[in-house]
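Visitor: can't give you the sequence, but here's the structure:
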Ligand code: TYM
């Protein structure tokens, strides 16, 4: 039987956070052996906010290096940079014609991002979910491993697929999302009501996958908790709860059980141990990343070969879609 297909994308940034890692990238590595996987650097999504071209060019490769450093293998998965496959833009255009302004206007990420980008409220920011649908649908994807913040985007992808199939006949596989248990929603260390975001201006709010050990330890120590001075795993203690979720996502333990273990101890002990857990998990990734970045031609080769493999699949979908809509 043919293996099922998993697909996901990550916007380019050298500063990927442990949110990106625990919510998405660490799950990619768990799928590699059982699924036919495609993972890409979603740089076409990135230009919905203004980017410095030289920096974006560098971040494309850096993000690919993070994929490899986190354990993804170009022999097992198709790893590529989105803009290297023109089919993403081609399918996006067709899907725009079956997507309604109303449904795009309801996307909370669009609403949030448009508040932050009032001086650059471009139409790509609005149609971003259609490009994401194109990404996913191009590859007959069954499963999309993502963080909780992508929930609405996966829903609209499903709606678009179903609508297209109804109008033009069976064409797309309707995909399902896969969320990680503890890692699907890692919150800011400074404001546990907000998700941890790579663009947060407060560096203490995020831990980055490539942060040095001393920086990680310092940021965990500074994490906002509360003044109850009592260890519980509860919504009332959102800061603490987030620390236990991070702890559990790294070690595979249940956060409630970790909280029980620390019961009666001070927050400082927990923070010390958590700092070490994170450092232990991320240090090998940082070291591998540094080695990979000293061989850019290798990374470029991985990107080139990945794009060739992805395009082979994507061009078949485009051919099918173009026939369905009457272009061919
Ligand atoms: P992006 O680049 O913002 O984030 C990459 C992945 O990390 C997850 N994530 C989190 N998970 C848990 N806690 C957090 N605080 C946290 N922050 C981010 C995201 O949910 C995502 O899985 N639109 C996507 C990229 C994309 C994509 C796709 C994903 C483009 N095309 C097709 C899946 C399928 C995005 O901006 O993710």
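Guide: It's in. Here the structure is a predicted model, which means the values were calculated and not measured. Residues are numbered from 1 along each chain as shown.

Visitor: Flag every buried residue along the least confident helix or strand in the chain by mean pLDDT.
Guide: Least confident helix or strand, the chain: helix 108-116 with a mean of 90, by mean pLDDT, DSSP states H and E. Under the neighbour-count criterion of 16 or more other Cβ atoms under 10 Å, helix 108-116 has 110, 113, 114 buried. Glycine gets a C-beta too; all of them are placed from N, C-alpha and C.

Visitor: Closest to residue 257 out of the residues you listed?
Guide: Proximity of the buried residues of helix 108-116 to residue 257 (Cβ to Cβ) peaks at residue 113, which lies at 37.2 Å.

Visitor: who's in contact with the residue of the chain most remote from its centre?
Guide: Taking Cα atoms, centre = their mean, the residue of the chain most remote from its mean C-alpha position is residue 264, at 36.1 Å. Counting by Cβ atoms under 8 Å, 6 or more residues apart in numbering, residue 264 touches residue 231.

Visitor: What of the one 5 residues further on?
Guide: Applying Cβ under 8 Å, 6+ apart to residue 269 gives the contacts residue 262.

Visitor: what's the distance between it and the ligand?
Guide: Distance, residue 269 to the ligand, by Cβ to the nearest ligand atom, to the nearest Å: 25 Å.

Visitor: now the longest helix seen in the chain, how far from the centre of its chain.
Guide: For the chain, the longest helix by residue count, based on DSSP state H, is helix 296-325. Relative to its parent chain, helix 296-325 has a centroid offset of 20 Å by Cα atoms, centre = their mean, to the nearest Å.

Visitor: Of all the residues in that helix, which ones are buried?
Guide: Quick answer for helix 296-325 (16+ other Cβ under 10 Å): 299, 302-303, 306-307, 309-311, 313-314, 317-318, 321, 324.

Visitor: what's it packed up against?
Guide: Packing contacts for helix 296-325, counted by 3 or more Cβ pairs under 8 Å, 6 or more residues apart in numbering; DSSP states H and E, involve strand 36-41, helix 53-69, strand 78-81, helix 87-96.

Visitor: circling back to that earlier point, name the residues that touch the least confident helix or strand of the chain?
Guide: 48, 49, 104, 121, 125, 126, 128, 129, 149, 152, 153.

Visitor: Give me the buried subset of those residues.
Guide: By 16+ other Cβ under 10 Å, the contacts of helix 108-116 give 48, 104, 125, 126, 128, 129, 149, 153 as buried.

Visitor: In helices, which of those fall?
Guide: Counting by DSSP H, the buried ones among the contacts of helix 108-116 contribute 104, 125, 126, 128, 129, 153 to helices.

Visitor: from memory the third one sits against residue 103, does it?
Guide: No: because the distance of 11.1 Å does not satisfy Cβ atoms under 8 Å, residue 126 is recorded as not touching residue 103.

Visitor: Residue numbers of the stretch 101-250 of the chain in contact with the ligand?
Guide: 132, 135-136, 144, 146-147, 149-150, 183-186, 195-196 (Cβ under 6 Å from any ligand atom).

Visitor: By neighbours, which of the residues you listed wins?
Guide: residue 136 (30 neighbours; other Cβ atoms under 10 Å).

Visitor: what does the domain assignment say about this structure?
Guide: According to automatic domain parsing, the chain comprises the domains 5-179+296-325, 203-290.

Visitor: closest one to residue 224 among the helices and strands packed on helix 296-325?
Guide: helix 53-69 (27.0 Å).

Visitor: which helices and strands does that closest one pack with?
Guide: Applying 3+ Cβ pairs under 8 Å, 6+ apart, we find helix 53-69 packed against strand 36-41, helix 43-46, strand 78-81, helix 267-292, helix 296-325.

Visitor: quick check, distance from the least confident helix or strand of the chain to the centre of its chain.
Guide: Distance, centroid of helix 108-116 to centroid of chain: 18 Å (Cα atoms, centre = their mean).

Visitor: Now the residue of the stretch 101-250 of the chain found nearest the ligand: closest residue in space, sequence neighbours ignored.
Guide: Nearest residue of the stretch 101-250 of the chain to the ligand (Cβ to the nearest ligand atom) works out as residue 147 at 2.4 Å. Closest residue to residue 147 in three dimensions, ignoring its sequence neighbours and counting by Cβ to Cβ, 6 or more residues apart in numbering: residue 23, at 3.1 Å.

Visitor: ok, back up a step: Serialize the domains of the chain to a markdown table and add fields for distance to residue 190.
Guide: Shown next, in a markdown table, are the domains of the chain (distance: least, Cβ to Cβ, whole Å):
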| stretch | distance to residue 190 |
| --- | --- |
| domain 5-179+296-325 | 13 |
| domain 203-290 | 4 |
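
Visitor: most tightly surrounded among those domains?
Guide: domain 5-179+296-325 (a mean of 19; mean count of other Cβ atoms under 10 Å).

Visitor: Residue 325: what's it in contact with?
Guide: Here residue 325 is in contact with 94, 168 (criterion: Cβ under 8 Å, 6+ apart).
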